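**Q** Dropping the sequence and predicted coords here.
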Amino acid sequence: LHFPQLFKKQLQKTKRKYKDMNQFGEGDQAKVCLDIMHKTGAHLELSMAKDQGLSIMVSGKHDAVMKARKEIVSRLQTQASATVAIPKEHHRFVIGKSGEKLQELELKTATKIQIPRPEDPSNLIKISGTKEGLEKAKHEILLISCFFFFFVSLITHYTVSSVSAPSWLHRFIIGKKGQNLAKITQQMPKVHIEFTEGEDKITLEGPTKDVQIVQGQIEAIVTDLISRMDYTEISVDPKFHRHLIGKGGANINRIKELHKVSVRIPPDNEKSNLIRIEGDPQGVQEAKKELLELASRMENERTKDMIIEQRFHRAIIGQKGEKVKEIRDKFPEVIINFPDPAQKSDIVQLRGPRTEVEKCTKFMQKMVAEMVENSFSVSVPIFKQFHKNIIGKGGANIKKIREETNTKIDLPAENSNSEMIIITGKKANCEAAKNRILAIQKELANITEVEVSIPSKLHNSLIGSKGRFVRSIMEECGGVHIHFPTEGSGIDAVTIRGTAEEVEKAKKQLLSLAEEKQIKSHTVELRAKPEYHKFLIGKGGGNIRKVRDSTGARIIFPTADDKDQELITVIGTEEAVAEAQKELEALIKSLDNVVEDFMIVDPKHHRFFVARRGQVLRDIADEYGGVIVSFPRTATQSDKVTLKGAKDCVEAAKKRMLEMIEDLDAQVTMECVIPQKFHRSIMGPKGSRIQQITKDHNVQIKFPDRDDHNQMLDCNGEANGEVKEPADPLVPKKCDVIVLSGRKERCEAAVEALKALVPVSVAVEVPFELHRYIIGQKGSGIRKMMDEFEVNIQVPAHELQSDIISITGLASHLDRAKEGLLERVKELQAEQEDRALRSFKLTITVEPKYHPKIIGRKGAIITQIRNQHEVNIQFPEKNDENQDQITITGYEQNAVAARNAIQAIVDELEEMISEDITLDSKVHARIIGARGKGIRKIMDEFKVDVRFPQSGAADPNLVTVTGRPEHVDEAIDHLLNLEEEYVRTCYTLAPDMSSSEEFPSFGAPVTNARSSPWGPKRF
């Protein structure tokens, strides 16, 4: 930081008079000033005062200014001296560390201070400088001496002491979060306790008496800790440290918790192999043993490289690493490392104990095998217009196919030219999904599929380089799909799919081409500028069809995806190809012959050709081999238009322009009045409907501007708050007038087409209470109907309580929509009636003690009754008044049947009896069996319920058997027989009855065996 400081020093005492000081740099004083500036780096300015005294202005950094001030005072002012006496032992405090305090005093007071050397017995300090500086320096020195006098007096009652304590014990002395130390400092707040890292001592500072007390307390803690704690250090290669720590510290935290020790593993930057363990001596030794075993196991671990195609890596890892986490959890001792995606490597590395690595390898190999099986892919060509039907509303269709066939289905982007839908998964599943998708297409259109037998050896030549030949056939035949079998399969069948007419056409072409290939196939390649291609092909393929018909050769032009846009391929017999080549070369040569021609076009038509940035002229150039058409500038009023290009192209373009001019001359303007509220509907999405009418009828259509001010006047009859007189109802409003331009007959046809698009409305009476069901959840029901019938359905607001639903749309759609709505109403009314029938309720009174038996284990019995009779059965809640009422809801006959079923269970339960028997508690576990298997078998066999006493029961031998009388008797007999059998066994082996879940193994032989079996006899 820069601290500029300015000060003036008026040298009044010296009253030196200077002559010839007009310029800085003259005289002795000026030289002194220059020397001070050079030594200190400060800036000095000299000026003469009115009393002829010299004023010096010093500026610069703080330190530089202070040094310069000292130099000026000592060298230009009259100097004085003085002495001050302070105790010899205080001199060191005046000097300070490395003389810093003395230098600070000299700068501060602008004096020179001389302190006698240590061997000099004198206690006098000599000060030189100005009188003002002398006084200030004496004051500062005496202050320092006084301060240290009191400090020395104070420390006679102040002690600095230390306690010996191994550094590793320091944190235990301090305690968790400083708890132990806090107890001491709270009692003795004046004592400062300092722990220095790496030193085996603790420093104490404070009042002597307090320090002695604290020292005793800490020494007692140290003695106690040394007696019951230990530490050790083990050497482990740093590369294994992170594995000892485990993921998220899992391993090391477990060891710490288990053995109650502290373990310090050095961080990576220390590059140390020493691990320190501290704590209970036994825990330290156990932790040491476990850590060494882990390290030893890691040293003996195996590393294995697995070759897994990189395309499967992401699938194995899973979203956010979920799948690989499952593998790691299954094989926690194995470390799995995947290569970086940028490396394009297939090697996945496994490291861990040999057996675990082998198990993990097999598991992952199986996983990859399944992925390979599931990665079978098939492409299905589906006409683009049917893709939305394949997807379905909100993706419903495609989602259903994906879920039911367990496949991944990818559709091309909406703006893509591709028609291929790619299905991935198991081969059988892919085929199933493919068949379902094709079935949707077949259902939507008149799609025919035929198979043509063509020798497999000809397939590659028919497909052509990068599919050029087969693609040209598909395009020529209305976009049919032609599917060749996999290369090398040996299958001859070729599948053609499309409309019947186009499929037949493609079939003939394929067979003809195959026949030519078998007889003799010849290929020639020609080159022509891409802009000539459209002209060579001709409108609707007319030109190229002539060549093909006259020569019999097939001519293939490049597609937009081909790299070489100039290459034209001719295929056929040698003679046909030669003839076609000759004709095409002549055409291309004539196109290269550039000519310039003129034509007369009335200036009133010029705007039509140059409007929209010359779009019409660009279309002509594209269609006729890049011919350039130049119109004269507007200002010239010339009617001469220039055409430049290939002779044939110029002639064809000229002919086309004359046709356009003829249309323009015959053009009429026609108005079509349609209320503006319907305009948006007529236009269709993104103006698609209007574009289609414009294209179909070759007319121009202009809609009125919605934001036009005059239009608002015409539509509303008011402006700026002024109400105009009502317009003539016979005169159409401007905002309703659509203007059409073109030939009269075309405009009339277009007007009819526009009017056919005007939506009409129809009212349908639907009971108000059904409206919410027609709307559906979040409007899903009504949206589905509107999408299906392409209409707008308006349901009246709830507060209107109206039964009328309005349907608006094209007249051709309304009947179907109305029929669909009424059909939905019938369905809802039927459902309503059905709901009423299903709402029949009845109650049955059953004692609460029987409720658990009716419900059954985990609700099995009551669930069976509900499902069998299709009813809802409700048991009373805990707080209900009528605890014995069970409610049944459903169809009347079903509810009655369910009630009868429950009553039958109750009747059976009421016939049951409960009988208590005494069974020796020592054999209970044996009878119950492992996890209750034994007693369940008995209960199922005898159709009874057996209850054993709870732990701590008054009579541990009391067992209750419940069931029909005859079943209870049989079950009791069986239980007593088992008791006798088990007791007989126990004469030689005494069972451990500590577990009631699984009968344990027998222990040592029994002493004091009784002469009679255990447990009472049944009388």
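**A** Perfect, I can see it now.
**Q** rest of the way, CA atoms for contacts and neighbours
**A** Fine.
**Q** ok, now which ones touch residue 855?
**A** Applying Cα atoms under 8 Å, 6 or more residues apart in numbering to residue 855 gives the contacts 861-863.
**Q** which one of those residues has the most neighbours?
**A** Within the contacts of residue 855, most neighbours by other Cα atoms under 10 Å means residue 862, with 22 neighbours.
**Q** so which strand or helix has that residue?
**A** Remark: residue 862 resides in helix 860-869, with elements defined by DSSP states H and E.
**Q** quick revisit: nearest to residue 742, of the contacts of residue 855?
**A** Checking those against residue 742 by Cα to Cα gives residue 863 as the nearest, at 75.6 Å.
**Q** Where do the helices of the stretch 451-600 of the chain begin and end?
**A** 459-463, 468-476, 500-519, 530-537, 542-551, 574-592 (DSSP state H, counting those that start in this stretch).
**Q** mind putting those helices in TSV, mean neighbour count included?
**A** As requested, the helices of the stretch 451-600 of the chain are arranged in TSV below (neighbours: other Cα atoms under 10 Å):
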stretch	mean neighbour count
helix 459-463	17
helix 468-476	19
helix 500-519	17
helix 530-537	21
helix 542-551	16
helix 574-592	18
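**Q** Show me the one of those that comes nearest residue 211.
**A** Nearest to residue 211, of the helices of the stretch 451-600 of the chain and by Cα to Cα, is helix 468-476 at 99.4 Å.
**Q** counting contacts, what elements does that closest one pack onto?
**A** Packing partners of helix 468-476 (3 or more Cα pairs under 8 Å, 6 or more residues apart in numbering; DSSP states H and E): helix 459-463, strand 481-483, helix 500-519, strand 554-556.
**Q** How about the secondary structure of residue 642?
**A** At residue 642 the chain is in strand, as set by DSSP: H, G, I helix; E, B strand; the rest coil.
**Q** Kindly apply the preceding question to residue 272 instead.
**A** Residue 272 - assigned by three-state DSSP - is coil.
**Q** So the residue lying closest to it once chain neighbours are set aside versus residue 649, what's the distance?
**A** Excluding its sequence neighbours, the residue lying closest to residue 272 (Cα to Cα, 6 or more residues apart in numbering) is residue 266, at 6.3 Å. As judged by Cα to Cα, to the nearest Å, residue 266 and residue 649 stand 85 Å apart.
**Q** same deal with residue 503?
**A** In this view, residue 503 and residue 649 are 34 Å apart by Cα to Cα.
**Q** ok, and for the longest helix seen in the chain, which residues are buried?
**A** For the chain, the helix reaching the highest residue count under DSSP state H is reported as helix 811-838. Buried residues in helix 811-838, counted by 16 or more other Cα atoms under 10 Å: 811, 813-814, 817-818, 821, 824-825, 828, 838.
**Q** now for that helix, which elements pack on it?
**A** Judged by 3+ Cα pairs under 8 Å, 6+ apart, the packing partners of helix 811-838 are strand 760-765, helix 771-775, helix 780-789, strand 804-809, strand 885-890.
**Q** Let's see that with 10 Å instead.
**A** strand 760-765, helix 771-775, helix 780-789, strand 792-794, strand 804-809, strand 885-890, helix 892-911 (3 or more Cα pairs under 10 Å, 6 or more residues apart in numbering; DSSP states H and E).
**Q** Report the angle between that helix and helix 780-789.
**A** Interaxial angle, helix 811-838 versus helix 780-789 (axes from the mean of the first three to the mean of the last three Cα atoms, to 10 degrees): 150 degrees.
**Q** Just after helix 811-838, pick out the following helix or strand.
**A** As assigned by DSSP H and E, the chain's next helix or strand after helix 811-838 is strand 840-845.
**Q** give the contact list for residue 277.
**A** 168, 230-234, 256, 261-265, 283-285, 287-288, 291 (Cα atoms under 10 Å, 6 or more residues apart in numbering).
**Q** Could you pick out the buried ones from those?
**A** Buried residues within the contacts of residue 277, counting neighbours by 16+ other Cα under 10 Å: 168, 230-231, 256, 261-263, 265, 283-285, 287-288, 291.
**Q** Which of those residues fall in strands?
**A** 230-231, 261-263 (DSSP state E).
**Q** of the helices and strands packed on helix 468-476, which approaches residue 583 most closely?
**A** strand 554-556 (11.6 Å).
**Q** ok, residues contacting that closest one?
**A** Residues from elsewhere that reach strand 554-556 (Cα under 10 Å, 6+ apart): 468-473, 509, 513, 523-525, 537, 544-545, 547-548, 567-573, 576-577, 580-581, 584.
**Q** Return the list of strands paired to it, each annotated with direction.
**A** With DSSP bridges as the test, strand 554-556 is paired with strand 567-572 (antiparallel).
**Q** distance of residue 171 from residue 619?
**A** Noted for residue 171: a distance of 88 Å to residue 619, by Cα to Cα.
**Q** Between these two, which is the more surrounded one?
**A** The residue with more neighbours, out of residue 171 and residue 619, is residue 171; 14 against 11, by other Cα under 10 Å.
**Q** Checking my notes, that one in a strand, right?
**A** No: counting by three-state DSSP, residue 171 is not found in a strand; it is helix.
**Q** give the contact list for it.
**A** Contact partners of residue 171, counting by Cα under 10 Å, 6+ apart, are 177-178, 180-181, 195.
**Q** and the residue lying closest to residue 647 once chain neighbours are set aside, how many neighbours?
**A** Nearest residue to residue 647 in three dimensions, chain neighbours excluded: residue 595, at 5.6 Å (Cα to Cα, 6+ apart). Counted with other Cα under 10 Å, the neighbours of residue 595 add up to 15.
**Q** Identify the bridge partners of residue 595.
**A** Applying DSSP bridges, one finds that residue 595 bridges with residue 645.
**Q** So it versus residue 618, what's the distance?
**A** Distance, residue 595 to residue 618, by Cα to Cα: 19 Å.
**Q** In the stretch 201-350 of the chain, what residue spans correspond to helices?
**A** Using DSSP H, counting those that start in this stretch, the helices assigned to the stretch 201-350 of the chain run over residues 208-228, 241-245, 250-259, 281-299, 313-317, 322-330.
**Q** Same question for the last one: list its buried residues.
**A** Which is helix 322-330. 324-325, 327.
**Q** can you list those residues in a markdown table and add pLDDT and distance to residue 447?
**A** A markdown table is the format used below for the buried residues of helix 322-330 (pLDDT from 0 to 100; distance: Cα to Cα, whole Å):
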| residue | pLDDT | distance to residue 447 |
| --- | --- | --- |
| 324 | 88 | 46 |
| 325 | 88 | 49 |
| 327 | 90 | 48 |
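**Q** quick one: which of the residues you listed is nearest residue 671?
**A** residue 324 (70.2 Å).
**Q** In contact with that closest one: list those residues for me.
**A** If you count contacts by Cα under 10 Å, 6+ apart, then residue 324 has 313-318, 330, 336 around it.
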